[in-house]
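K.L.:
take a look and give me a structure for this.
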Amino acid sequence: MPDNLKIMKSDFSYDLLIIGGGISACVFASKYLQNNISKKIALIEIGRGLGGRSSTRTSKRFKGWKLNHGAPNFNISNSKDNLLLKNYINELLVNKFIKIDDSELISLGDEKKLESIKKSNFYCGDSYLSSFSMGELSQKIIELSNLRDKIDLFFGTLIVDLKFNNNGWILTSNKGDELRSKYIICSTNLLLHKRSLKILNINQIPLRKAIPKNKDKNIDLLLNFLDKQSFIPRLTFLIYTNEKYRYKDFYSKKYRYFYLNKSLEDKYKFERVIFQLQENNKLGIVIHTKNKDFINSYINRRDEEFFKQLIFANFNELFSNNNSVNQLTCNEGISIMKWRASQPSGCAVPLSLQLSKKYRIGFCGDWFEGEGFGRIEGSILSALILEEKFKNHLNKI
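P.N.:
Coordinates of the predicted model:
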């Protein structure tokens, strides 16, 4: 049920429904609310909270921890000096939602690689981190304009079917609820992509089922581009260290990033290791892997204790001679997360296909073209551009 409602409503009818709860969805919702305070809108998210791939794990098993298990920070290159993006980042800075990230970045196995990392798509320009957790950043973005609680938040809700008629959209959730709306915004492309067939156990892509071929040229083109888009699978290990675990040195910043070169990544299966200082001064460790064989091994075996021992052994061997990182003792806790929505790669969708006026549906996310493709920058920029298009469209009606 809506997160901010105490009683289940029988009328799930809205002016606008937003599917997905990542940063792109939250930016769009916030900007839309600024101009449509009388409208009734809802945001639907399969997870327990906002943030998407930039969310935060607040563990029920390990109390008092907040680990950013996706993107712990984000960078803005904005090489084309887009004023929409520039002004929005300034707005986040003024409200003290974000701050410059000056954390230490370390390349393991190849010091020469450090400069190439800093020039890569994920580090060029200015790097920022949330003044809170990454999940709370998305929440703050919505709250900035949601002063009158005009938006209903549906968590733990997966949309499995879409229908369109002249009166608007009918969305069916995995719980059997129907939500109706004149307009919808898809910030996730799950319902538009062939991966939905396996994930939802269906035989037709939901958007294609709702809008048959040759009914809308833009929708056809968008689905064709998405058919060529792939995703990088990821697995994340969250380590909850004991109270006495510390660095060997006196590093005191919030994050510390370790990137592995290819030979080390092949050997240990780690892409990067991120240390995250908690408010209680405990030190959390988040390990990312995109090694397909390693991920498939976990999926097939599903033995958390086995993987805990393996991860800890690899970690200790990797950092055995490191001057700043202490060994793990195996008394630490661990949780493992397999990403449903992973980083898009390959073919990006043109921004010109963001809005179908005929079918009252818009799209935003990091899966659109531009220098922010696959990153938070792309998520934010596509949301800002879509909101402008949507506003202009509504003003002409």
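K.L.:
look at Y257 and give its secondary structure.
P.N.:
Secondary structure assignment for Y257 (DSSP: H, G, I helix; E, B strand; the rest coil): strand.
K.L.:
give the contact list for it.
P.N.:
The contact partners of Y257, by C-beta atoms under 8 Å, 6 or more residues apart in numbering, come to S103, E104, L105, I106, R272, V273, I274, F275. (C-beta placed from N, C-alpha, C; glycine too.)
K.L.:
would you state the strands of the stretch 151-300 of the chain in chain order?
P.N.:
Under the criterion DSSP state E, counting those that start in this stretch, strands of the stretch 151-300 of the chain are mapped to 151-154, 159-165, 168-173, 178-186, 229-232, 235-240, 255-260, 272-277, 283-289.
K.L.:
want to try JSON lines for the ones you listed, with mean pLDDT and distance to F306 as columns?
P.N.:
Output for the strands of the stretch 151-300 of the chain, formatted as JSON lines (pLDDT from 0 to 100; distance: least, C-beta to C-beta, whole Å):
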{"stretch": "strand 151-154", "mean pLDDT": "92", "distance to F306": "36"}
{"stretch": "strand 159-165", "mean pLDDT": "95", "distance to F306": "33"}
{"stretch": "strand 168-173", "mean pLDDT": "95", "distance to F306": "35"}
{"stretch": "strand 178-186", "mean pLDDT": "96", "distance to F306": "38"}
{"stretch": "strand 229-232", "mean pLDDT": "93", "distance to F306": "24"}
{"stretch": "strand 235-240", "mean pLDDT": "95", "distance to F306": "13"}
{"stretch": "strand 255-260", "mean pLDDT": "96", "distance to F306": "22"}
{"stretch": "strand 272-277", "mean pLDDT": "97", "distance to F306": "20"}
{"stretch": "strand 283-289", "mean pLDDT": "97", "distance to F306": "15"}
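K.L.:
what's the closest of those to N87?
P.N.:
strand 178-186 (21.2 Å; C-beta to C-beta).
K.L.:
what residues sit buried inside that closest one?
P.N.:
Judged by neighbour count (16 or more other C-beta atoms under 10 Å), strand 178-186 contains these buried residues: L179, S181, Y183, I184, I185, C186.
K.L.:
tally of neighbours for R272?
P.N.:
Using other C-beta atoms under 10 Å, R272 is surrounded by 18 other residues.
K.L.:
would you format the buried residues of strand 178-186 as JSON lines with distance to D366 included?
P.N.:
Shown next, in JSON lines, are these (distance: C-beta to C-beta, whole Å):
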{"residue": "L179", "distance to D366": "25"}
{"residue": "S181", "distance to D366": "24"}
{"residue": "Y183", "distance to D366": "22"}
{"residue": "I184", "distance to D366": "19"}
{"residue": "I185", "distance to D366": "15"}
{"residue": "C186", "distance to D366": "13"}
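K.L.:
closest to L43 among those?
P.N.:
Using C-beta to C-beta, I185 comes nearest to L43 of the buried residues of strand 178-186, at 9.1 Å.
K.L.:
what's across from the closest one in the sheet?
P.N.:
I185 has these beta-bridge partners by DSSP bridges: I18, G362.
K.L.:
what sits against it?
P.N.:
L16, L17, I18, I19, A25, F28, I361, G362, F363, C364, L386, F390.
K.L.:
switch the cut-off to 7 Å
P.N.:
Taking C-beta atoms under 7 Å, 6 or more residues apart in numbering, we find I185 in contact with L16, I18, I19, F28, G362, C364.
K.L.:
just the element for the spatially closest residue to S79 that is not a sequence neighbour, please.
P.N.:
Closest residue to S79 apart from its sequence neighbours, by C-beta to C-beta, 6 or more residues apart in numbering: E371 at 6.1 Å. Of the helices and strands defined by DSSP states H and E, none includes E371.
K.L.:
quickly note the distance from E371 to S382.
P.N.:
12 Å (C-beta to C-beta, to the nearest Å).
K.L.:
the more surrounded of these two?
P.N.:
The neighbour comparison of E371 against S382 (other C-beta under 10 Å) goes to S382, with 28 against 17.
K.L.:
and that one, which helix or strand is it part of?
P.N.:
helix 376-396.
K.L.:
next, the buried residues of that helix.
P.N.:
376-387, 389-390.
K.L.:
what sits up against it?
P.N.:
Residues outside helix 376-396 that contact it (C-beta under 7 Å, 6+ apart) are 22-24, 27-28, 31-32, 35, 54, 71, 74-77, 82, 84-85, 88, 351, 354-355, 357, 362, 364-366, 368, 370, 372.
K.L.:
angle of it against strand 178-186?
P.N.:
For helix 376-396 against strand 178-186, the angle by axes from the mean of the first three to the mean of the last three C-alpha atoms, to 10 degrees is 110 degrees.
K.L.:
how far out from the middle of the chain is helix 376-396?
P.N.:
Averaged C-alpha coordinates place helix 376-396 at 18 Å from its chain's average position (C-alpha atoms, centre = their mean, to the nearest Å).
K.L.:
ok, stretch 344-359 next?
P.N.:
In this view, stretch 344-359 has its centroid 18 Å away from the chain centroid, taken as C-alpha atoms, centre = their mean.
K.L.:
now it: mean pLDDT?
P.N.:
Regarding stretch 344-359, the rounded mean pLDDT is 96.
K.L.:
list of residues touching that stretch?
P.N.:
Residues outside stretch 344-359 that contact it (C-beta under 7 Å, 6+ apart) are 164, 211, 216, 218-219, 221-222, 225-226, 228-232, 362-364, 366-370, 373-374, 382, 385-386, 389-390, 393.
K.L.:
buried among these? Need that as a selection in PyMOL.
P.N.:
In PyMOL, a selection of the buried entries from these looks like this (16+ other C-beta under 10 Å):
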select buried, resi 164+211+216+218+219+222+225+226+229+231+362+363+364+366+367+368+369+370+373+374+382+385+386+389+390
